[in-house]
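[1] no sequence on this one, just coordinates:
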């Protein structure tokens, strides 16, 4: 089963190109370690939330931009092996010493993919979501996610991925659980929708919101939508 290492990071806006260069140097090593895809997405349409949002999740400063990133692996065993190699490969020391962002505020974790609908093809824009779901509502959540995926794809999305928190550590400064205001009995879901362009995304999202198939009564939702964080990101690297 596909496994995802998901990240949300605050990067000084002035360091955008340095970040892209840094990620481009890391991509060949990640592939060598077993990764099948690295995607980096720069904040573009990320709203402020009443309870939480992507910026608050990583304590982003006024001069910083939020990135949504992920690494895809064929399974968890490959991902675990990759992390072990990262910890011991001397080439990784250069990357650790040359990070163009504050790594202490980067949130990360491992997620098992439960829904993977469509295929990545020249992705230019991504909508990202992070939300808490009670374990006893897991099946109900993914039932809704599968139905919603069909709606997104009917309106122009090329791929929809929904992944269940599996190895999501607590952080010293912030983490995914804090980002989603997850309670002790909740699991974080990491999800994204891929689009071929922002224009297609803007038109598609409006159509999705108006689609009768998405009109689920709040009482029937298997999660607290008020604590879901979301936003649109422009893809800056897809390796």
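    Yep, it's here. Everything numeric here is computed off the predicted structure, so don't read it as measured data.

[2] Isn't residue 133 up against residue 139?
    No - applying C-beta atoms under 8 Å, one finds residue 133 not in contact with residue 139, separated by 10.4 Å. From N, CA and C alone the C-beta is placed, and that goes for glycine too.

[3] Those two: which is more packed in?
    The residue with more neighbours, out of residue 133 and residue 139, is residue 133; 23 against 11, by other C-beta atoms under 10 Å.

[4] And that one, how far from residue 142?
    When distance is defined by C-beta to C-beta, to the nearest Å, residue 133 is 9 Å away from residue 142.

[5] And residue 14, by the same measure?
    In this view, residue 14 and residue 142 are 40 Å apart by C-beta to C-beta.

[6] When those two are compared, which one has more neighbours?
    Comparing residue 14 with residue 142 by other C-beta under 10 Å, the one with more neighbours is residue 142, at 18 against 11.

[7] What sits closest to the more buried one if chain neighbours are left out?
    Counting by C-beta to C-beta, 6 or more residues apart in numbering, residue 114 is the residue found nearest to residue 142 once chain neighbours are left out, at 5.1 Å.

[8] How about the secondary structure of the spatially closest residue to residue 172 that is not a sequence neighbour?
    Counting by C-beta to C-beta, 6+ apart, residue 104 is the residue found nearest to residue 172 once chain neighbours are left out, at 7.0 Å. Secondary structure assignment for residue 104 (DSSP: H, G, I helix; E, B strand; the rest coil): helix.

[9] Now for residue 104, how many residues are close by?
    Neighbour count for residue 104, taken as other C-beta under 10 Å: 10.

[10] for residue 116, same thing?
    16.

[11] do you know how far it is from residue 71?
    Distance, residue 116 to residue 71, by C-beta to C-beta: 15 Å.

[12] Any figure for the gap between the residue lying farthest from the centre of the chain and residue 29?
    Ranked by distance from the centre of the chain (C-alpha atoms, centre = their mean), the top residue is residue 90, with 27.9 Å. Distance check for residue 90 against residue 29: by C-beta to C-beta, it reads 11 Å.

[13] Now do the SS call for residue 128.
    Here residue 128 is recorded as strand under three-state DSSP.

[14] Just grab the bridge partners of it for me.
    On the basis of DSSP bridges, residue 128 is bridged to residue 192, residue 231.

[15] ok so, going back, any chance of the backbone angles for the residue farthest from the centre of the chain?
    Here is the backbone geometry of residue 90 (degrees, to the nearest 10): phi -60, psi -20.

[16] Repeat that for residue 98.
    According to degrees, to the nearest 10, residue 98 has phi -130, psi 40.

[17] Going forward, count from 738.
    All right, first residue 738 from here; so that's residue 835.

[18] Need the per-residue pLDDT for it.
    What the model reports for residue 835 is a pLDDT of 83.

[19] and the residue lying closest to it once chain neighbours are set aside, how many residues sit next to it?
    Spatial nearest neighbour of residue 835, chain neighbours left out: residue 759 (6.8 Å); criterion: C-beta to C-beta, 6+ apart. Close neighbours of residue 759, defined as other C-beta under 10 Å, add up to 19.

[20] Residue 759: which element?
    With elements taken from DSSP states H and E, the one containing residue 759 is helix 753-769.
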